[in-house]
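Q: no sequence for this one, just the structure:
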Ligand SMILES: Nc1ncnc2c1ncn2[C@@H]1O[C@H](COP(=O)(O)OP(=O)(O)O)[C@@H](O)[C@H]1O
Ligand SMILES: [Mg+2]
């Protein structure tokens, strides 16, 4: 751990307080800021005043060290600070255009859309891209991947890495996967993530799905506010971690289809306002035959825009690349050449997409039969 971030580097914080804090999962000065005084008082049993003093000291300490921004800053300073925000390329021209260069650090990006629209594929792709050298659009960082639906696939990481000319073994080594079994566990993982993020130079945190476990555990209207409160805590924590540690964060969210809505888009994100209000960017993925549409829904500075992308062995890809592959496949088929491995890959992806469309129509009402909150 960086010497400066040790809890006992704060004036007035001795071994007893340090112990109390680390027993409660607060391991460094950053964690103090991320959790905030109210929560710290709650989990350590400290007086709220004391917790406030410690958090203020932590803030001051980090401001002096240049690690976080001051409370009062000029717009010029904010502008300068924003220039230092890292961007991670998506590996595609289309999505890079939508993101205005790439996925930003110090921000939470929510990706929502129905089953099979490519949220997990996007998360896998970004887990590879963040590791690329800076000159190639990456941040040379590692990944903390919180998998709540057991859909993380190292094989996909290997294919995506190979497609981008990267060493798959090295890429796998730099993805720390945390499988979350229930929503409390999912939150705990994030609460304990500070030292992992720091020690491994994590530059991307993925929560795929951020909402699913909360949804399945808290069923029915009666538990809705309780669920929203817990989800709120998780999402805010994720967003504060992204800001404090200068990481990018992706939260995926499956939408439900409301068949009774005839105008506009019949889908709404399940997390409702909680996720929407916390995330800096919101991207909506939608199926359109074999292609996918991505729309920037809510952004402080991007125009509301749509682009078309596709899914392939290389993860999220430009639609032209998908077409090129299809043409190549057709050409090879007509000349009746023996199938090579690439050929069958393309075919199978086409097959998946087709069956996918059928699947999703039957899937949605069952999967998302729960009433909307708000
Ligand atoms: N190796 C692959 N090559 C091409 N397409 C793939 C591959 N693996 C998955 N896909 C596509 O990704 C879709 C699933 O996307 P996914 O990200 O899992 O959806 P979700 O939004 O539910 O997380 C599949 O329907 C398929 O079209
Ligand atoms: Mg998924």
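A: Alright, I've got the coordinates. Since this is a predicted model, take the numbers as computed values, not measurements. Ligands and ions are numbered 1, 2, ... in the order given.
Q: interface residues of the stretch 1-150 of the chain facing ligand 1?
A: 113, 115-121 (CB under 6 Å from any ligand atom). Every residue, glycine included, has its C-beta placed from N, CA and C.
Q: Drop anything exposed from those.
A: Among these, those classed as buried by neighbour count (16 or more other CB atoms under 10 Å) are 113, 115-121.
Q: ok, which pair from these is furthest apart?
A: For these, with distances taken as CB to CB, the pair at the greatest spread is 115 and 121 (12.5 Å).
Q: still on that earlier bit, kindly reformat the residues of the stretch 1-150 of the chain next to ligand 1 as a markdown table containing secondary structure.
A: As requested, those are arranged in a markdown table below (DSSP: H, G, I helix; E, B strand; the rest coil):
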| residue | secondary structure |
| --- | --- |
| 113 | strand |
| 115 | coil |
| 116 | coil |
| 117 | coil |
| 118 | coil |
| 119 | helix |
| 120 | helix |
| 121 | helix |
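Q: I'd guess residue 307 is in a strand, am I close?
A: Yes. Residue 307: assigned to a strand according to three-state DSSP.
Q: For this structure, give the residue positioned nearest to ligand 2.
A: At 3.3 Å from ligand 2, residue 120 is the closest residue in the chain, using CB to the ion.
Q: quick one, what contacts that residue?
A: 149, 151-152, 208, 252 (CB atoms under 8 Å, 6 or more residues apart in numbering).
Q: what's the domain layout of this structure?
A: Per automatic domain parsing, the structural domains of the chain span 3-64, 86-315.
Q: Pick the most buried one from these.
A: For the domains of the chain, the largest average neighbour count (mean count of other CB atoms under 10 Å) is found in domain 86-315, namely a mean of 19.
Q: end-to-end on it?
A: End-to-end span of domain 86-315 (CA to CA, to the nearest Å): 21 Å.
Q: Pull the distance from it to the chain's centre.
A: Here domain 86-315 is found 3 Å from its chain centre; the criterion is CA atoms, centre = their mean, to the nearest Å.
Q: Now residue 4: closest residue in space, sequence neighbours ignored.
A: In this structure, residue 4 finds its nearest non-sequential neighbour in residue 65, 5.6 Å apart by CB to CB, 6 or more residues apart in numbering.
Q: Kindly report the same for residue 322.
A: Leaving out its chain neighbours, the residue that sits closest to residue 322 by CB to CB, 6+ apart is residue 310, at 3.6 Å.
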